[in-house]
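Novice: fold the following, please.
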Amino acid sequence: MQNIELKSTITCPECGHRKMEKMPTSACQWYYECESCKVLLKPLKGDCCVYCSYGTVKCPPIQEGHNCCAS
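Specialist: The predicted structure is shown next:
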């Protein structure tokens with residue numbers, strides 16, 4: 001069994017601000033507001049959440065080899 005990382009550092013593509021966040025394990029996070037420039041981040045095409053698009057660590061379901069938010 002692999003260890004799942006629950007913290008990821010999100011980097012804003014607009015201003016470069018970085019912040020470590022704890023990822024939710026029971027829901028996808030589709031939006032994230034940069035606390036520096038206030039831009040609203042959304043997942044890039046093909047990604048399931050903001051952590052997969054802008055984080056240093058993919059979301060927990062992807063780490064486990066599942067589709068994010070799949071039931």
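
Novice: is it true that Tyr51 lies in a helix?
Specialist: Yes. Judged by DSSP: H, G, I helix; E, B strand; the rest coil, Tyr51 forms part of a helix.

Novice: excluding its backbone neighbours, what's nearest it?
Specialist: Nearest residue to Tyr51, sequence neighbours excluded (Cβ to Cβ, 6 or more residues apart in numbering): Cys59, at 4.5 Å. Placement of C-beta: from N, CA and C, glycine included.

Novice: now do the strands in this protein.
Specialist: 7-11, 18-22, 32-33, 40-41 (DSSP state E).

Novice: compare the ones you listed and give me the one nearest His66.
Specialist: Nearest of these to His66, taken as Cβ to Cβ: strand 7-11 at 16.9 Å.

Novice: tell me where this structure has helices.
Specialist: 50-54, 60-63 (DSSP state H).

Novice: in a markdown table, list the ones you listed along with distance to Arg18 and mean neighbour count.
Specialist: Below are those laid out as a markdown table (distance: least, Cβ to Cβ, whole Å; neighbours: other Cβ atoms under 10 Å):
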| stretch | distance to Arg18 | mean neighbour count |
| --- | --- | --- |
| helix 50-54 | 10 | 22 |
| helix 60-63 | 20 | 18 |
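
Novice: is it true that Asn67 touches Cys52?
Specialist: No. Contact criterion Cβ atoms under 8 Å: Asn67 and Cys52 do not qualify, at 11.2 Å.
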